[in-house]
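K.L.:
coords below, sequence missing:
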């Protein structure tokens, strides 16, 4: 059987048009410099999860070194965290003062066709965000941006054209691709789910209220959103109940870190941030990433994130299911 993780990395390398001059092969992946912030893309070893053979694909870009982003008690990073697209800041577990932007997703034989293009877009956006946001993150952390050069060819004087993908996304002047019947179709899959309290779909927005401990959380998918830097897309906001988690930058970063280390859900795109009312997970998926049926994947993975966190609440019932990804998918869809 083919290694699904290595297959995904190979496809990503081709999609991103990685130049040998600016890259290095690494175990189960590669490291490359599309600008002056190194990016690593690699696949974890495959594992069997019920009927799925899975490999978690990681994309991480150096951001800052030195200092501590969690020390941002004044909330200076709040605008940056709320504006993240498909990645979020995490620290290197071997060096807690080294911070990177990160995203990840589980690849399997059924999802490569749409997941690899999404990961490629996330990689391009992540590299651009690292270059643009490093100074602000460094000031908040009390550290410095972490540019680097290729060990043989040195620092890049001209960044890779792939870093211009956000500008291309912003320039598109088309009707929102995520609007339409896809949101209603996704909502229909939740009918009868005991964890879901209310579902309100419209052609441009899907609002879901779900049980969270003794309270409720809200998931909003807004297909009419426009990011000032990325153009039209789907804005995904998962808001936790007020007072259930500290609504602070430090708590948001802690949850980013937990998602990276515990891998609780199918994918980790976006970032936790301080919300208007309570702690919120934000992700912005640009229209160029649209694929038919992707609404369902976005909704399912958002709810998997919520139910994973709900298991931590003091008044949440003990889970009656195994931690396998396949089992969690069946529970959400009521299968």
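P.N.:
Received it, and whenever you're ready, just let me know what you need. Since this is a predicted model, take the numbers as computed values, not measurements.

K.L.:
thought residue 15 was touching residue 117?
P.N.:
Yes. The criterion here is CB atoms under 8 Å, and residue 15 meets it with residue 117 at 6.8 Å. Any C-beta I mention is one placed from the backbone N, CA and C, and that applies to glycine too.

K.L.:
and stretch 188-205, end to end?
P.N.:
In stretch 188-205, first residue to last residue: 14 Å (CA to CA, to the nearest Å).

K.L.:
report the buried residues of it.
P.N.:
189-190, 193, 196, 199, 201, 204-205 (16 or more other CB atoms under 10 Å).

K.L.:
again, but for stretch 289-296
P.N.:
Buried-residue list, stretch 289-296, by 16+ other CB under 10 Å: 289-290, 294-296.

K.L.:
now swap in stretch 63-77 and tell me
P.N.:
With the criterion 16+ other CB under 10 Å, stretch 63-77 contains buried residues 63-65, 67-70, 72, 77.

K.L.:
mind checking how far that stretch is from the chain centre?
P.N.:
On the basis of CA atoms, centre = their mean, to the nearest Å, stretch 63-77 sits 20 Å off its chain's mean C-alpha point.

K.L.:
average pLDDT for it?
P.N.:
Taken as a whole, stretch 63-77 has a mean pLDDT of 85.

K.L.:
how about stretch 177-184?
P.N.:
90.

K.L.:
ok, now stretch 121-138?
P.N.:
Averaged across stretch 121-138, pLDDT comes to 94.

K.L.:
hey, where'd the helices end up in the stretch 51-200 of the chain?
P.N.:
Applying DSSP state H, counting those that start in this stretch to the stretch 51-200 of the chain gives helices spanning 78-82, 112-141, 165-171, 181-188.

K.L.:
will you turn those into CSV that also has distance to residue 268?
P.N.:
Shown next, in CSV, are the helices of the stretch 51-200 of the chain (distance: least, CB to CB, whole Å):
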stretch, distance to residue 268
helix 78-82, 15
helix 112-141, 10
helix 165-171, 20
helix 181-188, 20
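
K.L.:
which among those helices is found nearest to residue 47?
P.N.:
Of all these, helix 112-141 sits nearest to residue 47, with 16.6 Å by CB to CB.

K.L.:
now do the buried residues in that closest one.
P.N.:
So, applying 16+ other CB under 10 Å, buried residues of helix 112-141: 114-131, 133-134, 137-141.

K.L.:
please apply the same query to stretch 159-172.
P.N.:
Buried, per 16+ other CB under 10 Å, within stretch 159-172: 159-160, 162-163, 165-166, 169-170.
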